[in-house]
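Engineer: no sequence on hand, only this structure:
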Ligand SMILES: Nc1ncnc2c1ncn2[C@@H]1O[C@H](COP(=O)(O)OP(=O)(O)O)[C@@H](O)[C@H]1O
Ligand SMILES: [Mg+2]
C-alpha cells in the first residue's frame, strides 16, 4: 500500500502533492465550463426571446406613464389637494390643467392621457380631446370657470380623484380590472358593477373547457396510443403518420377544415340531413359555440396526448400482461392493476401538455368558438390589437401565466414532475 | 400431465412455425425444450400457457383439452426471460398478486409471501421495488412469484438468459432443487445445451418446428438420432462418406470420401448408396491406439494444440477433414504431441454413429 491510500494519515493527495479533492475540483471545473459554453447560444436565445418579453409584460401590466408624464403641472398642483375633503381643487390646479392641455395638444400627447383615463371612467377620452381644443383660447384667469364652462365634467369630484389616483408611476388598476374589481372614487377596492364583470367568468370558462378538452384527449388518445404500441411495426408506422399528419398541416388549415365540416350547411349536417337523422331546418349548431371549440381543439391537441402515452406504452413489455394473466388475473384486472398504472407517467405528461396548451389557445377558439366558445386568450388578443389596452392585456397575460405556474406546482405536488415521461 | 397432440402453429398462414408436435409430459417431470433461436420453443410454451392459439391439434392439461380455456383459468405458473416483475409494486406486492387475484385473506397472503421469499433466500427484500434488486435477485423473485400460488405446472422461458455465467450455473442448481423439493412439473425452454443437460429429466431438441429427439440427457449425448442433434449437443466430429453395406446387426460399412473404409453403427441411414455423416465424440478418440478387434484406426496430422489444463485439445486433419478434434487427457505420462506430427488415431466402432447427411452451423443463438 502506498502512503496516499492510508486514510488516517491526513487528506489524500495526488502524486504531485496537491490534495486530491482540490485536483478533482479543478478537473470538474473545466468540464463544467465546457458544458456551460455549449448551452450559451440557447441560453442567450431563451433570454432574449422568452425572459425579456415576460419581464416586459410584467412591467407593462403595472407601469403608468401617461398621467405623470403628460400632465406634469397638474400632478404637481394636485399634491396639496386632499381628495377625501369633498371639495373641488382650487384655481391653481385648474390653471395647471389648462397649461397641460395646451402643451399636450401641441405635442399630440393629450389623446394618450384621455385614452388611459377612459379605461377607468368612460367618457374621459372625449373630455380631454374636447377640452384641449377649447383650452387653446383660455389665456386668462379664472381658469376654473373657463374649464367648467367647456365641460361640466370638470366640476365632478371623481374626475379629479381619478387623476390624482393615477398620478403615480405604477398602478394596480389593470390588475383590478383583470379581476373584475375597481377603485371606488374614495380609493377603496370594490367589485365591478355586474354588467361589467367578465374576466373571472372567462378564466373559469377557460379552465373548465381546458379540463374537458384534456379529458376528451385522454379518452380518445389512450386507445389509439395503445393500438400504436401493440400492433406490428409496419402497421404502427402507418398509423403513426396518421397521428402526426396534423402536425404537418397548418393550424389555420385544420381549423378552417373544421369550419367546412361543422357549419350548418357543412358536410356533417348535410350528411345527417341526407340520412334523415335531423330535419333540414333542424340542422345542428356545431360551430361558433362551445361545441366547435371542443371538437376542433381536441382534434388539434390530441397528438400531444398520444405521443407521450405511446412512448410510455412502448416501454411496457407484453410479458407484464402475460405474467399477470398466468397468475390468474382476467384481461380486465391485468389491465387495471398492471398496465394502466404503468401508463400514468405518460398520462401525466400528456395531461400537462394538453392542459397548458389549451389554457392559452387562441386561433382555433377565435375562428370556431363564436362568443360562447372563446377563451381568455382571445380577450387578451382583443385588448392587444383592437382596444389597444396593453396594460390590461399584460395583466391578464400575467395572471394566466401565474395560473399555469400554480397548476404546475400543484401537479408536481400530486403526481411529481420527475415521474412523467415526455418521450 | 401435459400432452401435445398433433399440434401445428402458423402465425401468418404461410409458414408453419410448429409442425406436428407430439409430446407427453408426466407429473413431476423436468422437461426442457432445447433448440436454436427461432425453432419454435417459445411458441410451444405460449400455446401451452394460452397466449397463442394452436392452429391445429389439441393440448391436454391433466387429461382435459385446454384449447378453449383462457390463460388465467389454466393455473400455470410462468417465469419470463425478462422476469416481468411489475415495477410499480414492491416485491411483496408482486408475490401477493396471484394470491390477491384468488381472493385469499390478508393474513394468509402475508404468510405465503414470507414463505416464498424464504424459499428463494431473500427473506428481507419484501419491501423493495424490482429495480432495486440485482439481476439474480430479480430472477429468484420471478421464480418465487410463479410458485407462490402453488401451481402444479411451471413454464420457464429462458429464465437465466440475462444472467452472467457464474450466476447462471448457481441458479440452475437452485431451480433444480426447488423442482425436486416441490415436485412440480417444469417445462423449461433454453437454447443453452449445457443448461439443458444439467437440469432436465428429458430434453426435447427442437429444430425448425420439429422435435428432433426426445430423450434423457445421457441418451441425447451418447446416442443422438440424427446429425442435427449430434452437432447441436456437445462437441462432435463428423466424417462424410457413403454407405456400402448394412448388416443385420445394424453395423454399416462406410467408405469415407478419402477412400478409407470404416465400420459404424447404422442409426439414420437406410441402405447401400446413402450419403452419411459419421459422428464421433472428441473424448472417444485415442491417439496412437492399440490395434484391437473392433477398433478403427486412421492416419492423421496434428494441426493445432490447445492446452486446457485437464486435457489438451488437439485439432487434426483426418480423412480430408481438418477440423477433427481429439481431447487428449492430461494424464501423467501421456504421449507428448507436437504440431505437424503425423500419427494414428482410433476409436471403437460402437462409438461411431452413421447419421443423415446434413451439415448445420453450430448456432446457439
Ligand atoms: N407473434 C409472432 N408473430 C409472427 N411470427 C412470430 C411471432 N412469434 C414468433 N414468430 C416466429 O415464429 C418462429 C419461432 O419463434 P419462437 O417460438 O419465438 O422461437 P424460439 O423461442 O425457439 O426462439 C420465428 O421464426 C419467429 O419469427
Ligand atoms: Mg424464445
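Structural biologist: Okay, I see it. Since the model is a prediction, treat every value here as computed from it, not as a measurement. Residues are numbered from 1 along each chain as shown, chains lettered A, B, ... in the order given. Ligands and ions are numbered 1, 2, ... in the order given.
Engineer: what comes into contact with the helix or strand harbouring residue A:325?
Structural biologist: Taking DSSP states H and E as the criterion, residue A:325 maps to helix A:318-326. Applying C-beta atoms under 8 Å, 6 or more residues apart in numbering or on different chains, the contact partners of helix A:318-326 are A:230, A:331, A:333-335, A:337-339, A:342, B:49-51, B:70-72, B:74, B:76-78, B:80-82, B:84, B:86, B:97, B:145-146, B:155. Glycine gets a C-beta too; all of them are placed from N, C-alpha and C.
Engineer: ok, 7 Å please
Structural biologist: Here helix A:318-326 makes contact (C-beta atoms under 7 Å, 6 or more residues apart in numbering or on different chains) with A:334, A:337-339, B:49, B:51, B:71-72, B:76-78, B:80, B:82, B:84, B:86.
Engineer: among the residues you listed, name the ones in helices.
Structural biologist: Using DSSP state H, the subset of the contacts of helix A:318-326 located in helices is A:334, B:49.
Engineer: who wins for most neighbours among the contacts of helix A:318-326?
Structural biologist: residue B:78 (29 neighbours; other C-beta atoms under 10 Å in any protein chain shown).
Engineer: which stretches of chain A form strands?
Structural biologist: For chain A, the strands defined by DSSP state E cover A:181-183, A:189-191.
Engineer: which residues of the chain score low on pLDDT?
Structural biologist: Just so you know, I chose chain A. Where chain A drops to pLDDT under 70, the residues are A:1-10, A:417-423.
Engineer: chain B, not that one
Structural biologist: B:362-365.
Engineer: so what touches the longest strand along it?
Structural biologist: When chain B is parsed with DSSP E, its longest strand is strand B:295-307. In this structure, residues lying in contact with strand B:295-307 by C-beta under 7 Å, 6+ apart are B:260, B:262-263, B:289, B:291, B:312-319, B:322, B:324, B:337-349, B:352.
Engineer: of the residues you listed, which count as buried by neighbour count?
Structural biologist: The neighbour-count test (16 or more other C-beta atoms under 10 Å in any protein chain shown) marks B:260, B:262-263, B:312, B:314-316, B:318-319, B:324, B:337, B:343, B:345-349, B:352 as buried among these.
Engineer: tell me if I'm right that residue B:26 and residue B:62 touch.
Structural biologist: No. Using C-beta atoms under 7 Å, residue B:26 is not in contact with residue B:62; the gap is 11.2 Å.
Engineer: which residues are in contact with each of those two?
Structural biologist: In contact with both residue B:26 and residue B:62: residue B:1, using C-beta under 7 Å, 6+ apart.
Engineer: how about residue A:312: what's its closest non-neighbour residue?
Structural biologist: When the adjacent residues along the chain are set aside, residue A:312 lies closest to residue A:346, with 3.2 Å between them (C-beta to C-beta, 6 or more residues apart in numbering or on different chains).
Engineer: go on, residue A:186?
Structural biologist: The shortest distance from residue A:186 to any non-neighbouring residue, by C-beta to C-beta, 6+ apart, is to residue A:84 (6.7 Å).
Engineer: kindly report the residues of chain B close to chain A.
Structural biologist: B:49, B:51, B:71-72, B:76-78, B:80, B:82, B:84, B:86, B:88, B:97-98, B:101-102, B:149 (C-beta under 7 Å from any C-beta of the partner chain).
Engineer: at 8 Å instead, please
Structural biologist: Applying C-beta under 8 Å from any C-beta of the partner chain, we find that chain B lies next to chain A at B:49-51, B:70-78, B:80-82, B:84, B:86-88, B:97-98, B:101-102, B:145-146, B:149, B:155.
Engineer: report how many residues lie close to the residue nearest to residue A:186.
Structural biologist: 7.
Engineer: gap between it and residue A:184?
Structural biologist: From residue A:84 across to residue A:184, the span is 12 Å (C-beta to C-beta, to the nearest Å).
Engineer: outline the domain layout of chain B.
Structural biologist: Listed domain ranges for chain B are B:2-222, B:227-355 (source: automatic domain parsing).
Engineer: what does chain A give?
Structural biologist: A:66-169, A:199-419.
Engineer: residue A:331: how many residues sit nearby?
Structural biologist: With neighbours defined by other C-beta under 10 Å, the count for residue A:331 comes to 14.
Engineer: contacting residues around it?
Structural biologist: Per C-beta under 8 Å, 6+ apart, neighbours of residue A:331: A:325, B:72.
Engineer: what of residue A:141?
Structural biologist: Contacts of residue A:141 (C-beta under 8 Å, 6+ apart): A:91, A:95.
Engineer: chain center to the helix ranked longest in chain A, what's the gap?
Structural biologist: In chain A, taking DSSP H as the definition, the longest helix is helix A:199-230. Per C-alpha atoms, centre = their mean, to the nearest Å, the displacement of helix A:199-230 from the mean C-alpha position of its chain is 18 Å.
Engineer: buried residues in it?
Structural biologist: A:199, A:202-203, A:205-207, A:209-210, A:212-214, A:216-218, A:221-222, A:224-226, A:228-229.
Engineer: which residues touch residue 65?
Structural biologist: Let's take chain A. Going by C-beta under 8 Å, 6+ apart, residue A:65 touches residue A:169.
Engineer: sorry, should have said chain B
Structural biologist: Residue B:65 neighbours (C-beta under 8 Å, 6+ apart): B:58-59.
Engineer: 7 Å instead, please
Structural biologist: residue B:58.
Engineer: list of residues touching the lengthiest helix in chain B?
Structural biologist: As assigned by DSSP H, the longest helix anywhere in chain B is helix B:165-182. Contact with helix B:165-182 is made by B:30, B:119, B:136, B:139, B:143, B:147, B:160, B:163, B:186, B:195, B:198-199, as judged by C-beta under 7 Å, 6+ apart.
Engineer: run the chain-centre distance for it.
Structural biologist: Centre-to-centre, helix B:165-182 and its host chain are 15 Å apart (C-alpha atoms, centre = their mean).
Engineer: report the buried residues of that helix.
Structural biologist: Buried, per 16+ other C-beta under 10 Å, within helix B:165-182: B:168, B:171-172, B:174-176, B:178-179.
Engineer: with stretch A:367-384 instead?
Structural biologist: Buried residues in stretch A:367-384, counted by 16+ other C-beta under 10 Å: A:367-370, A:373-380, A:383-384.
Engineer: between the residues you listed, which sits nearest chain B?
Structural biologist: residue A:375 (36.2 Å; C-beta to the nearest C-beta).
Engineer: which parts of chain A sit against chain B?
Structural biologist: A:317, A:319-320, A:322-323, A:325-330, A:333, A:338, A:341-342.
Engineer: where do the helices sit along chain B?
Structural biologist: Counting by DSSP H, the helices of chain B are B:41-49, B:91-101, B:106-119, B:135-147, B:165-182, B:193-199, B:217-222, B:227-232.
Engineer: residues contacting the last one, please?
Structural biologist: So that's helix B:227-232. Applying C-beta under 7 Å, 6+ apart, the set of residues contacting helix B:227-232 is B:193, B:205, B:207, B:212-213, B:220, B:224, B:236, B:277, B:279, B:355-356, B:358, B:360, B:362.
Engineer: repeat the analysis, applying 6 Å as the threshold.
Structural biologist: Identification of contacts with helix B:227-232 by C-beta atoms under 6 Å, 6 or more residues apart in numbering or on different chains yields B:205, B:207, B:212-213, B:224, B:236, B:277, B:279, B:355-356, B:358, B:360.
Engineer: relative to ligand 1, how far out is residue B:354?
Structural biologist: Distance of residue B:354 to ligand 1, computed by C-beta to the nearest ligand atom, to the nearest Å: 29 Å.
Engineer: related to what we said a few turns ago, among the domains of chain A, which is nearest ligand 1?
Structural biologist: domain A:199-419 (7.5 Å; C-beta to the nearest ligand atom).
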